[in-house]
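Peer 1: Requesting a structural model of the entry that follows:
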Amino acid sequence: MNIVRNILAVILGAIIGGLINGATIAIGTMLIPPPAGFDQSTTENFAKTVHLLQPINYLVVFLAHALGAFVGSLVAMFIAVSHRLVIAMIIGALFLLGGTMVAFMAPIPVWYTIVDLLLAYVPMAFIGYKLSRKQ
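Peer 2: Numbers count the residues shown, from 1 in each chain. Below you'll find the model as predicted:
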């Protein structure tokens with residue numbers, strides 16, 4: 001039974017974290033809209049217009065990534081029965097894998113890629129683990 005709950009913790013943590021990520025981007029881009037002329041309808045258009053983005057636009061995306069990993073880990077911690085740190089790190093690693101794939105597919109600035117990959121995923125999943133208090 002414990003293994004089933006732990007697997008469920010990873011699955012639900014990843015799903016809910018992904019939903020939080022998407023919701024944060026949706027809300028964030030309403031609050032801080034992308035600059036005029038920015039087009040992300042296709043990969044080619046994104047590549048041609050990514051230079052229009054300002055650091056504040058990247059803040060929204062960073063926040064989405066960090067909150068997704070944090071909330072996903074926190075949700076997993078409330079479901080998991082054992083091996084909680086491992087489960088939190090799996091959540092962080094899943095989000096890191098997704099972020100790394102996007103970093104290599106999209107022409108985003110190197111400074112943002114470094115900050116995002118180093119600070120948004122695994123550290124935030126670890127903080128979710130630590131704050132769960134169910135140790």
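Peer 1: Okay, now the unreliable bits of the protein?
Peer 2: Within the chain, the segments meeting pLDDT under 70 span 134-135.
Peer 1: At the geometric centre of this protein, which residue sits there?
Peer 2: Nearest to the mean C-alpha position of the chain, counting by Cα atoms, centre = their mean, stands residue 65 at 2.6 Å.
Peer 1: gap between it and residue 96?
Peer 2: If you measure residue 65 against residue 96 using Cβ to Cβ, to the nearest Å, the figure is 9 Å. From N, CA and C alone the C-beta is placed, and that goes for glycine too.
Peer 1: Need the overlap of contacts for these two.
Peer 2: Both residue 65 and residue 96 are in contact with residue 121, where contact means Cβ atoms under 8 Å, 6 or more residues apart in numbering.
Peer 1: shouldn't the residue nearest to the centre of the chain be in contact with residue 118?
Peer 2: No. Using Cβ atoms under 8 Å, residue 65 makes no contact with residue 118, being 11.4 Å away.
Peer 1: Identify each buried residue in stretch 21-29, please.
Peer 2: Buried residues in stretch 21-29, counted by 16 or more other Cβ atoms under 10 Å: 21, 24-25, 28.
Peer 1: Which strands and helices lie in contact with the top helix by length along the chain?
Peer 2: Ranked by residue count under DSSP state H, the longest helix found in the chain is helix 2-31. Applying 3 or more Cβ pairs under 8 Å, 6 or more residues apart in numbering; DSSP states H and E, we find helix 2-31 packed against helix 55-79, helix 84-105.
Peer 1: That concludes my questions; thank you for your assistance.
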